[in-house]
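Participant: What follows is a predicted protein model with its sequence.
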Amino acid sequence: MDLLTITLIGLGLTGDTLAVSVTTGLSIKRIRFVEALRIAIVLAFFQALMPLLGWFLGTQIREYIIEFDHWVAFILLFLIGGKMILESLKKEGEKTEFNPLKTMVLIGIAVATSIDALVVGVSFAFIDVDIFLSIGIIWFLTFMVSMIGVFIGKKTGNLFGKKVEFLGGMILIGIGAKILIQHLLLT
């Protein structure tokens, strides 16, 4: 898998993280740089850890599904992308108490926003990808998006969260389609 595709996957996965980061900036009026840094590091750590765990799981089952692995990668990315698009179209529910400066809340949102990355990691096991380069790119992009998101939320409010999540979903569906089409054309 080429660097551009890995980067697009990484950007696609950051939709939830951006939304959470912007919300953090909105909910904590006087967030300090060190607090934003801590949030970004934890979100990026889990966003990078989950594809590694998914890749490891996928490599364990790959030999059993090698004949249709391209379909598995396509379906997983399509479902994740579709879920992100549907989530972006939902109306805002009632506002709940949200304090990501509490360790358990931060870990909870980090895990919740990175579940999609776990599934992407499974699909990585079925295609030619450098997993360590991929998780490095995903970590870096998530970290940067998280830092930017916190400060966007602090300065401007939640203007783009749902649109970015929608775009991320479209990117993941497109990448899944690309994997499927490339494999079908090469066989």
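Facilitator: Now that the structure is in, tell me what you want to look at. Quick caveat, the model's predicted, so the values are computed rather than measured.
Participant: low-scoring stretches of the protein, by residue?
Facilitator: 29, 66, 69, 92-98, 157-162, 164-165, 168, 172, 187 (pLDDT under 70).
Participant: quick one, helices of it?
Facilitator: Ranges of helices in the chain, per DSSP state H, are 3-27, 33-65, 69-89, 103-124, 131-155, 161-186.
Participant: and the angle from the fourth one to helix 3-27?
Facilitator: Computed by axes from the mean of the first three to the mean of the last three Cα atoms, to 10 degrees, the angle separating helix 103-124 from helix 3-27 equals 160 degrees.
Participant: From residue 31, how far out is residue 83?
Facilitator: Here the criterion is Cβ to Cβ, to the nearest Å. By it, residue 83 lies 29 Å from residue 31. Glycine gets a C-beta too; all of them are placed from N, C-alpha and C.
Participant: that older thread, quick check: which of the helices of the chain is buried the most?
Facilitator: Of all the helices of the chain, helix 3-27 carries the top mean neighbour count, a mean of 23, counting by mean count of other Cβ atoms under 10 Å.
Participant: ok now that helix, how far from the chain's centre?
Facilitator: Distance, stretch centre to chain centre, for helix 3-27: 6 Å (Cα atoms, centre = their mean, to the nearest Å).
Participant: switch to numbering from 847
Facilitator: Let's use 847 as the start, then, which means that last one is helix 849-873.
Participant: what is the orientation angle of it with helix 977-1001?
Facilitator: 30 degrees.
Participant: quick one: contacts for residue 866?
Facilitator: 889, 946, 955, 959, 992, 995 (Cβ atoms under 8 Å, 6 or more residues apart in numbering).
Participant: ugh, typo on my part, it should be residue 856
Facilitator: Residue 856 makes contact with 980, 983-984, 986-988 under the criterion Cβ under 8 Å, 6+ apart.
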